[in-house]
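# Pasting the sequence and the predicted coordinates here, then a few questions.
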Number of protein chains: 2
Amino acid sequence: MVSFRSYLLQFTKVSEDSLQALLDLFRPITCKKGELYARSGQTAKKLAFVETGLLRAYYQSPEGEQFNKIFFSNPAIVGAYTSLITKEKNQINIECLTDCEMVEADFQKILDLYEEHPMIERLNRTIAEDFFVQKEKREISLVMNDASERYALFQLEHPGLENQIAQYHIASYLGITPTQLSRIRAKKE
Amino acid sequence: MVSFRSYLLQFTKVSEDSLQALLDLFRPITCKKGELYARSGQTAKKLAFVETGLLRAYYQSPEGEQFNKIFFSNPAIVGAYTSLITKEKNQINIECLTDCEMVEADFQKILDLYEEHPMIERLNRTIAEDFFVQKEKREISLVMNDASERYALFQLEHPGLENQIAQYHIASYLGITPTQLSRIRAKKE
DNA sequence: GTCATTTCTTTACATATGTAAATGCTCAAC
DNA sequence: GTTGAGCATTTACATATGTAAAGAAATGAC
């Protein structure tokens, strides 16, 4: 397991007291399989770091269809990031696919650190930039690769995950139906 | 036309001297129709604010197919953002679709302002967050809407643009062929 | 205006994917 | 083991989209 501390230090250097001030805001929580960590329609106030377990973020259309957007497992920050930033109502749901252990903090309390700890603001900028880069990668993939190629990429980027979750979750992530994913899998052999 | 100054002030408050220090880094440039402002394979060093004109950013597959990613016109910041952030080689091309007037600065010089002007770092964080939110919007649209719906959204979000650029650029942005866009347009009437 | 070039639309056919329903598989509860 | 529920696969058919080629329309050069 990658610790929260070392995860954060990947992004940028932070002085020990600033890092400690940040880490002190986080409290351990657990979340059971099937529970929603974030719910569409609410305004997000908190975010968490995943220590163990697996979650998925998904959009739900007005007709009730679900579209998986991303999976989270250690090490990852989980939260309705767009809602935290914009303070608007959240559009995504985040569900635990297994029991999860996380550490959680109030986002506003993190913002309150900025004045005294500019390095924390820098860290957050770096994380925002990293999120942007990740999202761009996925955007490129959605546009340039067909479903079969996206499936191959998924396997590369999430080794082992395929065997932990339902096929229909993967299909949803790839933007296709389970039927089509089944056909793609059949063709590969 | 929206001035660079007022564009920036939409994101966050900035003191006059910090803002001026930032604006002083920017120099007017022009870019002719057809020229590339950023080229795949290079490492980006500069970014610009679009005052007049129209640009497109696109990916190019190894087979030479192009995929439009976004269009830029006043007010917008244009640059190979991911490459600037990661300092890795740029994956996108940015082409002027018309003659353009922009103001341009060296990205490193902006970073150098951070120590003396923390508000500039805050501004950049806010912009990074905004870019993330925009990208998420497009991701949602790519996954949840079919091509016909994405076309309707495009018309809403880029009023008038449809008549300024070639249909095949729009098709590429929507992720479909000109043939299919033509069919969608035909069906609408 | 005429011509050439580019762009847009249309057509015919091929492929990818969706929908719905049937079938088969897995695993856990009993 | 038996059973049932949930999941995965398969099948048949419908739709969306792609490809290639032809024709129509728009644009710019002269």
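Alright, I've got the coordinates. Since the model is a prediction, treat every value here as computed from it, not as a measurement.
# Spell out, range by range, the helices that occur in chain A.
Defined through DSSP state H, the helices belonging to chain A, from first to last, are A:4-9, A:16-23, A:81-86, A:107-112, A:118-144, A:147-157, A:167-174, A:178-188.
# What are the buried residues along the second one?
Residues A:Ser18, A:Leu19, A:Ala21, A:Leu22 are the ones in helix A:16-23 that count as buried (16 or more other C-beta atoms under 10 Å in any protein chain shown). For glycine as for every other residue, the C-beta is placed from the backbone atoms N, C-alpha and C.
# of all these, which comes closest to A:Ile77?
Nearest to A:Ile77 among the buried residues of helix A:16-23 is A:Leu22, at 12.2 Å by C-beta to C-beta.
# does that closest one really touch A:Met119, like I thought?
No: taking contact to mean C-beta atoms under 8 Å, the distance of 9.1 Å between A:Leu22 and A:Met119 leaves them out of contact.
# which helices and strands sit right next to the helix or strand bottoming out on mean pLDDT in chain A?
With mean pLDDT, DSSP states H and E as the measure, the helix or strand of chain A carrying the lowest mean pLDDT is helix A:118-144 (a mean of 86). When contacts are defined as 3 or more C-beta pairs under 8 Å, 6 or more residues apart in numbering or on different chains; DSSP states H and E, helix A:118-144 packs onto helix A:16-23, helix A:147-157, strand B:54-60, strand B:66-73, helix B:81-86, helix B:118-144.
# Give me the buried positions along that helix.
The neighbour-count criterion (16+ other C-beta under 10 Å) identifies A:118-133, A:135-136, A:138-140, A:142-144 as the buried residues of helix A:118-144.
# cool, and stretch A:149-167?
Within stretch A:149-167, the residues that qualify as buried by neighbour count (16+ other C-beta under 10 Å) are A:Arg150, A:Tyr151, A:Phe154, A:Leu161, A:Ile165.
# got it, and stretch A:5-12?
Counting neighbours by 16+ other C-beta under 10 Å, stretch A:5-12 gives A:Tyr7, A:Leu8 as buried.
# Please save the CA atoms from it in CSV.
Once non-C-alpha atoms are left out, stretch A:5-12 reads as follows in CSV (Å, rounded to 0.1, in the frame of the first residue of the first chain):
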residue,chain,number,x,y,z
ARG,A,5,2.2,10.9,2.7
SER,A,6,4.4,9.4,0.0
TYR,A,7,1.6,9.7,-2.5
LEU,A,8,1.5,13.5,-1.9
LEU,A,9,5.2,13.9,-2.1
GLN,A,10,5.2,12.5,-5.6
PHE,A,11,3.6,15.7,-6.8
THR,A,12,5.9,18.3,-5.3
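# how far out from the middle of the chain is it?
The gap between the average C-alpha position of stretch A:5-12 and the chain average comes to 16 Å, counting by C-alpha atoms, centre = their mean, to the nearest Å.
# residues in contact with that stretch?
Defining contact as C-beta atoms under 8 Å, 6 or more residues apart in numbering or on different chains, one finds that stretch A:5-12 is touched by A:Val14, A:Leu19, A:Leu22, A:Leu23, A:Phe49, A:Pro75, A:Met119, A:Arg122, A:Leu123, A:Thr126, A:Ile127, A:Asp130.
# would CSV of the helices of chain A with distance to DNA strand D be doable?
Compiled in CSV, these are given as follows (distance: least, C-beta to the nearest atom of the strand, whole Å):
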stretch, distance to DNA strand D
helix A:4-9, 30
helix A:16-23, 37
helix A:81-86, 26
helix A:107-112, 32
helix A:118-144, 10
helix A:147-157, 11
helix A:167-174, 3
helix A:178-188, 4
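# Of those, which is nearest B:Asn90?
Minimum separation from B:Asn90 across the helices of chain A (C-beta to C-beta) falls at helix A:118-144, 11.5 Å.
# Strand B:54-60 and that closest one, what's the angle between them?
On the basis of axes from the mean of the first three to the mean of the last three C-alpha atoms, to 10 degrees, helix A:118-144 is oriented at 70 degrees to strand B:54-60.
# Run through chain A and note the low-pLDDT ranges.
In the prediction, chain A carries residues with pLDDT under 70 at positions A:188-189.
# residues from it in reach of DNA strand C?
Selection of chain A residues close to DNA strand C by C-beta under 7 Å from any atom of the strand yields A:Asp146, A:Ala147, A:Ser148, A:Gly175, A:Ile176, A:Thr177, A:Thr179, A:Gln180, A:Arg183, A:Ile184.
# which residues does the fourth one contact?
Put plainly, it is A:Gly175. For A:Gly175, the contacting residues are A:Phe67, A:Leu142, A:Ala147, A:Arg150, B:Leu142, B:Val143, by C-beta under 8 Å, 6+ apart.
# Give me the neighbour count for the closest residue to the third one other than its chain neighbours.
Nearest residue to A:Ala147 in three dimensions, chain neighbours excluded: A:Ile176, at 4.8 Å (C-beta to C-beta, 6 or more residues apart in numbering or on different chains). Here the number of neighbours of A:Ile176 (other C-beta atoms under 10 Å in any protein chain shown) works out to 19.
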